[in-house]
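coordinates for the following, if possible.
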Amino acid sequence: MNENTDIPSKSLRRARVRVVVRWVLGSIFVGAGVIKIAHPVDFYSNLLAYDVSGPDWLFRLVAVVFPWLEVACGGLLLAGYWTESVGFLVASMCAVFVFMLGQAVARGLDLKCGCFGPLTIGWLELPQVALVRAALLLTATIWLLYTTPITNTENTVLKSIDE
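Take a look at the predicted model:
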């Protein structure tokens, strides 16, 4: 195959994968945020279970503000707006998730991760499982940040999906 004809094909594939990754990340963040907004007391309780020192007002503030940030970032990823800026925020949040879950696992804390509020059931709420999930989300976000966005190609992908 000619090298010149292969480049657009690779660009198109990468753009398709970028769109799918954006949509998956956006959907996860919107879903998790909406559940936490609907159940702020549960999220607050889950935050306290991490047994991290800090003033109570800070945990209350996080329990109220953080879910809205998740929804906003997820919505912007779904819409494809400010993906680089939002990607940095999402990567930062995922890094915090990995750190918090990692310290909980290392300390042997028995807690619910709080990721999806009261809808998380069974083994999905185990800190070890949540840590792997957070690490995968972080990896996907970093990939999204460090792959060159090809706006025209991504727009072509979106147009082909609409047709």
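
please count neighbours and contacts with C-alpha atoms only from this point.
Will do.

surely Val34 touches Val71?
Yes - the criterion here is C-alpha atoms under 8 Å, and Val34 meets it with Val71 at 6.6 Å.

of those two, which one has the most company?
Relative neighbour count places Val71 above the other of Val34 and Val71, with 23 against 18, counting by other C-alpha atoms under 10 Å.

any weak-confidence spans in this protein?
Scanning the chain for pLDDT under 70 picks out the ranges 1-8, 119-120, 122-123, 148-163.

what about the helices in it?
In the chain, the segments counted as helices under DSSP state H are 3-38, 40-49, 56-79, 83-106, 127-146, 151-162.

next, format these as TSV and append distance to Cys113.
As requested, the helices of the chain are arranged in TSV below (distance: least, C-alpha to C-alpha, whole Å):
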stretch	distance to Cys113
helix 3-38	12
helix 40-49	7
helix 56-79	13
helix 83-106	7
helix 127-146	6
helix 151-162	34
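
and these: which comes nearest Phe116?
helix 3-38 (4.9 Å; C-alpha to C-alpha).

and the angle from that closest one to helix 127-146?
Angle, helix 3-38 to helix 127-146, by axes from the mean of the first three to the mean of the last three C-alpha atoms, to 10 degrees: 130 degrees.

just the buried positions in helix 3-38, please.
The neighbour-count check on helix 3-38 (16 or more other C-alpha atoms under 10 Å) flags 11-12, 14-16, 18-19, 21-37 as buried.

elements contacting it?
Helix 3-38 makes packing contacts with helix 56-79, helix 127-146, helix 151-162 when contacts are defined by 3 or more C-alpha pairs under 8 Å, 6 or more residues apart in numbering; DSSP states H and E.

ok, which of those helices comes nearest Gln103?
helix 127-146 (9.9 Å).

can you list contacts of that closest one?
Defining contact as C-alpha atoms under 8 Å, 6 or more residues apart in numbering, one finds that helix 127-146 is touched by 18, 21-22, 25, 84, 87-88, 90-91, 94-95, 97-98, 101-102, 104-105, 110-113, 115, 123-124.

dump that helix to CSV, restricted to CA.
Presented in CSV, the C-alpha positions along helix 127-146 are these (Å, rounded to 0.1, in the frame of the first residue of the first chain):
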residue,chain,number,x,y,z
PRO,A,127,-11.8,-0.2,46.2
GLN,A,128,-9.5,-2.5,44.3
VAL,A,129,-11.9,-2.7,41.4
ALA,A,130,-12.5,1.1,41.5
LEU,A,131,-8.7,1.7,41.5
VAL,A,132,-8.3,-0.3,38.3
ARG,A,133,-11.3,1.5,36.8
ALA,A,134,-9.8,4.9,37.8
ALA,A,135,-6.4,3.9,36.4
LEU,A,136,-8.0,3.0,33.1
LEU,A,137,-10.0,6.3,33.0
LEU,A,138,-6.7,8.1,33.7
THR,A,139,-4.9,6.2,30.9
ALA,A,140,-7.7,6.9,28.4
THR,A,141,-7.7,10.6,29.3
ILE,A,142,-3.9,10.9,29.0
TRP,A,143,-4.1,9.2,25.6
LEU,A,144,-6.8,11.7,24.6
LEU,A,145,-4.6,14.6,25.7
TYR,A,146,-1.5,13.4,24.0
